[in-house]
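Engineer: Provided below for reference: sequence and predicted model.
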Amino acid sequence: MIFYAKDRVENIRAGAQGGTGRIVGSHPFAADARPENTHFRMVGQMALAPGSSIGFHVHQNDEEIYLITGGRGAYTDADRKEYAVAAGDLTLTRQGEGHGLANTGDEPLTFVAVIAA
């Protein structure tokens, strides 16, 4: 199965999960139009604007990975501690755990986000 870049769905959200600023997502499929019989709920190339954040939230019924591709930020893990992240870093939030992400740099914090159940 292939999802072409030209067919991506873009969305812009302000205050994601109670955070600040805005995040832009480019998704191969809309959340309500995901392929049948897959564990993937969401896949997206994301850009978190400077000074913006995704608020701390818990994944009750799924897991999420962030693969940081550019910029720098602060990742809040399930232990509520902040960890510096930059290009090449990967975070994992397991089912029942929480996390958050903030852009601490002067350029967009870019990452690939994957949510699977």
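Structural biologist: Perfect, I can see it now.

Engineer: shouldn't R41 be in contact with I115?
Structural biologist: Yes. Look at R41 against I115 with Cβ atoms under 8 Å: they come within range, at 4.5 Å. C-betas here are computed from N, CA, C, even on glycine.

Engineer: So these two - more neighbours on which side?
Structural biologist: The neighbour comparison of R41 against I115 (other Cβ atoms under 10 Å) goes to I115, with 18 against 15.

Engineer: That one contacts Y66, doesn't it?
Structural biologist: No. At 10.3 Å, I115 does not count as touching Y66 under the criterion of Cβ under 8 Å.

Engineer: what is in contact with R41 and I115 at once?
Structural biologist: Residues touching both R41 and I115 (Cβ atoms under 8 Å, 6 or more residues apart in numbering) are D62.

Engineer: Quick check, L101 in contact with I54.
Structural biologist: Yes. Using Cβ under 8 Å, L101 is in contact with I54, at 4.7 Å.

Engineer: Which neighbours do those two have in common?
Structural biologist: The overlap between the contact sets of L101 and I54 (Cβ under 8 Å, 6+ apart) consists of L48.
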